[in-house]
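# sequence and predicted structure, then a few things I'm wondering about:
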Protein chains: 2
Amino acid sequence: MTPEEAQAGLDARRAEIDRIDLQILRLLNERATAAGRIGDIKKQMTMAIYEPKREEQVFRNVLDNNAGPLSENAVRRLFERIIDEMRLLQKERNSKEVQR
Amino acid sequence: MTPEEAQAGLDARRAEIDRIDLQILRLLNERATAAGRIGDIKKQMTMAIYEPKREEQVFRNVLDNNAGPLSENAVRRLFERIIDEMRLLQKERNSKEVQR
């Protein structure tokens, strides 16, 4: 592999990663919107916001379907972060509504 | 909204989230594969593995294209986790090869 070929290979992979990232970003925002609707329903019905059993289902869903190369632990950490951010967004939305 | 309607709404949103999660999972694994190829090229060419400038580009790409509802800080934290996991996977791969 010449340095030029190496650089072309890096550039191609990076362009691929940038495209993948925008797809991930779009899906994360879609997920946040869907989670927000769940929050709205729960609030309207005065249901419990936090349901550990549902969280288990979320992990089961992704862990049962993980083809790799990411490890089970990596997938778990990634989805912990995702779930945390959704919960934080929901909290921020709720506290803004209280302020209004 | 009756309790039955609320439950149906929750079930529909959760099914949507489960589908979104599997798409996110697939893209995360695709991203890990692309990052692995970058690592292979760099190793073959004995190039620096860690490039802070590239990391800035990755954040710029997603932050410039974030339509919300996730905040800029949320997107940054999510992609920090993603980048960290890719780097960890790469480290694990490299240390396995040294052991062989």
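Thanks, I have it.

# distance of the spatially closest residue to A:Pro3 that is not a sequence neighbour relative to B:Leu89?
Leaving aside its sequence neighbours, A:Pro3 sits nearest to B:Met45 (Cβ to Cβ, 6 or more residues apart in numbering or on different chains; 6.9 Å). Every C-beta, even on glycine, is put in place using the N, C-alpha and C of the backbone. B:Met45 is 20 Å from B:Leu89, where distance means Cβ to Cβ, to the nearest Å.

# what's the answer for A:Met1, then?
Counting by Cβ to Cβ, the gap from A:Met1 to B:Leu89 is 23 Å.

# what do you get for A:Thr46?
Taken as Cβ to Cβ, the span from A:Thr46 to B:Leu89 is 43 Å.

# which one's more surrounded, those two?
B:Leu89 (20 against 6; other Cβ atoms under 10 Å in any protein chain shown).

# not counting its neighbours along the chain, what's nearest that one?
B:Ala32 (5.7 Å).

# what does A:Arg81 give?
Here the residue nearest A:Arg81, using Cβ to Cβ, 6+ apart, is B:Arg81, at 4.2 Å.

# distance of that neighbour from B:Asp11?
29 Å.

# give me the residue from chain A nearest chain B.
Closest residue of chain A to chain B, Cβ to the nearest Cβ: A:Arg81 (4.2 Å).

# that residue and B:Arg76 touch, don't they?
No: contact criterion Cβ atoms under 8 Å: A:Arg81 and B:Arg76 do not qualify, at 11.4 Å.

# higher neighbour count, these two?
Set A:Arg81 next to B:Arg76 and count neighbours by other Cβ under 10 Å: A:Arg81 wins out with 19 against 15.

# ok, now which ones touch that one?
By Cβ atoms under 8 Å, 6 or more residues apart in numbering or on different chains, A:Arg81 lies in contact with B:77-78, B:81.

# same thing with A:Ser71?
A:Ser71 neighbours (Cβ under 8 Å, 6+ apart): B:89, B:92.

# count the residues that sit near A:Arg39.
Slight slip there: residue A:39 is Gly, not Arg. 20.

# once you drop chain neighbours, what's closest to it?
A:Gln90 (4.7 Å).

# which element, helix or strand, includes that neighbour?
Using DSSP states H and E, A:Gln90 falls within helix A:72-99.

# quick one: average pLDDT of that helix?
Mean pLDDT, helix A:72-99: 91.

# from A:Asn29, how far off is the spatially most central residue of chain A?
The centroid of chain A falls nearest to A:Ile82 when counting by Cα atoms, centre = their mean (3.8 Å). In this view, A:Ile82 and A:Asn29 are 12 Å apart by Cβ to Cβ.
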